[in-house]
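Undergrad: no letters, just coordinates:
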């Protein structure tokens, strides 16, 4: 038996690869604790110990009540006081702000910040004490509410870190080390089934000829589907999540009845956020289509270019394919929503943010009619007017991988009475967001706000239900009018009814970290 655990980009775990990685494999029993530590379930339950004989319990003593840590009101004075300060400068040439400090200084900053900004600050247990931790990331992991929802799920499912260097590379330019592959998986236990969902154009995977729908069967000669020994899983992780550019590994996939082995060198892959912009001619008019995978800085200019192209071709309707879009920058989401709705959205609320009771209410995020101008390799000019289509109807293709800022687009447009049909699956359900906080080389993500639309609605913690439920069709390329979800969207647009002759959906999810399922505001 095997399980999957999510790495939260801890500096101690496989360095760069885990921060941008997806789900780490683990051997049996690896559902908790350090995701880089594995146990074995092969050959006689390796690692098991003989239980000690029972003993008579001693007379219990009164519990010792630990004194809660004082919460520093001046917590900002501890920012950049680091146990191990960085030296030199970042990629922009700006010197690191780090000063010599201690582990406790880093913890004091986090504790004070959480008390001031965390949405559920008053639910952090008083038993979380700095003296009990020797690692600042473990301490941060404990600074959240332990509450669960009515269904028994954690109330806070979105609490994680990235190294600052990796987060800046991913959010600014969409770069990460790997092969340019994103996998869709149907289970967390063996036998594993991983199918290629996204093959980034120009990436090592694309150059090697890998295709959407290819099923992974082996990594560096190790059986991917059934391997569950610790040694075997370590080899799978090493091959799937290379630690640095230049590493060479061989993946074997099955395509139909053929087994195909490809050897690839890992590289720094810059993903395109907007792809497949096209116009589909239908009997009732021209329908624009685009694939939108990430609300990051590079997406701003790419969306502007895509909508300029669609506007020039006089489309009368639009399909936005966000089936794999986990979210990102809320201002980019508001810009996208404006480019759909046009001047009818001027001055209207895109999303109103609700913070904890220590934070004064802020003005709502409006539908942005001009570009914010995020720094990027090919940036949009700050303040430039955005193109728009002026639609009252839009179709969104979605799956459980459609999260956060992507859900905000759906909710924001519905808040001003734009009809949004969701074709595909239930979205992930994340009406929360945060502003990334940097300290000593780590960027921290801790929920700060919940969002509602112009009508005051934001209750979608279980996601948005599809207007028409359709399985993700991995046998066709994304953007192909014959692909199941897009074909269903076009059919539903024409007839108002969902296709009835479709295969039963197999539950699948994307293998990726929580840092790709977020809603982010600009840094303070």
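TA: Thanks, I have the structure now. Not measured: the values here are computed from a predicted model.

Undergrad: so where's this structure uncertain?
TA: Per-residue confidence for the chain (pLDDT under 70) gives these ranges: 1-66, 171, 173-174, 187-189, 501-507, 513-524.

Undergrad: same thing but at 80, please
TA: 1-66, 149-151, 153, 169-175, 186-190, 500-508, 511-524 (pLDDT under 80).

Undergrad: now the helices for it?
TA: Assigned by DSSP state H, the helices in the chain fall at 15-19, 103-117, 136-142, 164-173, 204-207, 230-240, 297-312, 330-341, 405-414, 484-495.

Undergrad: any idea how far residue 151 lies from residue 491?
TA: Counting by Cβ to Cβ, to the nearest Å, the separation of residue 151 from residue 491 is 34 Å. Placement of C-beta: from N, CA and C, glycine included.

Undergrad: now tabulate the helices of the chain in TSV and tack on mean neighbour count.
TA: Formatted as TSV, the helices of the chain follow (neighbours: other Cβ atoms under 10 Å):
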stretch	mean neighbour count
helix 15-19	23
helix 103-117	21
helix 136-142	19
helix 164-173	21
helix 204-207	20
helix 230-240	20
helix 297-312	21
helix 330-341	26
helix 405-414	28
helix 484-495	20
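
Undergrad: indicate which one of those is closest to residue 430.
TA: Of all these, helix 405-414 sits nearest to residue 430, with 6.5 Å by Cβ to Cβ.

Undergrad: quick one: list the elements packing against that closest one.
TA: Secondary-structure packing of helix 405-414 (3 or more Cβ pairs under 8 Å, 6 or more residues apart in numbering; DSSP states H and E): helix 330-341, strand 349-354, strand 393-398, strand 419-424, strand 449-452, strand 519-520.

Undergrad: swap the cut-off to 10 Å and go again
TA: Helices and strands touching helix 405-414, by 3 or more Cβ pairs under 10 Å, 6 or more residues apart in numbering; DSSP states H and E, are strand 317-321, strand 328-329, helix 330-341, strand 349-354, strand 393-398, strand 419-424, strand 449-452, strand 519-520.

Undergrad: the helices of the chain: which one's closest to residue 387?
TA: Using Cβ to Cβ as the criterion, the shortest distance between residue 387 and the helices of the chain is 4.4 Å, found for helix 297-312.

Undergrad: now distance to residue 224 too, for the helices of the chain, in TSV please.
TA: Compiled in TSV, the helices of the chain are given as follows (distance: least, Cβ to Cβ, whole Å):
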stretch	distance to residue 224
helix 15-19	17
helix 103-117	38
helix 136-142	29
helix 164-173	26
helix 204-207	15
helix 230-240	6
helix 297-312	32
helix 330-341	36
helix 405-414	30
helix 484-495	26
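
Undergrad: residues touching residue 192, list them.
TA: Neighbouring residues of residue 192 by Cβ atoms under 10 Å, 6 or more residues apart in numbering: 2, 4, 25, 183, 185-186, 215-217, 223-228, 236.

Undergrad: the same query, at a cut-off of 6 Å, please.
TA: Under the criterion of Cβ atoms under 6 Å, 6 or more residues apart in numbering, the neighbours of residue 192 are residue 225.

Undergrad: circling back: quick one: the helices and strands packed on helix 405-414 as JSON lines, columns for distance to residue 263 too.
TA: Output for these, formatted as JSON lines (distance: least, Cβ to Cβ, whole Å):
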{"stretch": "strand 317-321", "distance to residue 263": "31"}
{"stretch": "strand 328-329", "distance to residue 263": "33"}
{"stretch": "helix 330-341", "distance to residue 263": "37"}
{"stretch": "strand 349-354", "distance to residue 263": "46"}
{"stretch": "strand 393-398", "distance to residue 263": "34"}
{"stretch": "strand 419-424", "distance to residue 263": "34"}
{"stretch": "strand 449-452", "distance to residue 263": "45"}
{"stretch": "strand 519-520", "distance to residue 263": "37"}
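
Undergrad: and the ones you listed: which comes nearest residue 269?
TA: Between residue 269 and those, the shortest gap by Cβ to Cβ is with strand 328-329, which sits at 17.1 Å.

Undergrad: centre of the chain to the closest one, how far?
TA: 10 Å (Cα atoms, centre = their mean, to the nearest Å).

Undergrad: what about the residue nearest to residue 96 when sequence neighbours are not counted, how many neighbours?
TA: In space, and not counting its chain neighbours, residue 96 is closest to residue 86: 4.3 Å by Cβ to Cβ, 6 or more residues apart in numbering. Neighbour count of residue 86, defined by other Cβ atoms under 10 Å: 16.

Undergrad: buried ones in stretch 475-483?
TA: Buried residues in stretch 475-483, counting neighbours by 16 or more other Cβ atoms under 10 Å, are found at 476, 478-479, 483.

Undergrad: what's the answer for stretch 266-282, then?
TA: The neighbour-count criterion (16+ other Cβ under 10 Å) identifies 266-267, 269-278, 280 as the buried residues of stretch 266-282.

Undergrad: gap between residue 333 and residue 304?
TA: Remark: distance between residue 333 and residue 304 (Cβ to Cβ) = 14 Å.

Undergrad: can you check residue 81 too?
TA: Taking Cβ to Cβ as the criterion, residue 81 is separated from residue 304 by 41 Å.

Undergrad: now do residue 327
TA: When distance is defined by Cβ to Cβ, residue 327 is 19 Å away from residue 304.

Undergrad: relative to residue 498, which of the helices and strands packed on helix 405-414 is closest?
TA: The nearest among the helices and strands packed on helix 405-414, by Cβ to Cβ, is strand 419-424 at 8.5 Å.

Undergrad: who are the packing partners of that closest one?
TA: Helices and strands touching strand 419-424, by 3 or more Cβ pairs under 6 Å, 6 or more residues apart in numbering; DSSP states H and E, are strand 393-398, helix 405-414, helix 484-495.
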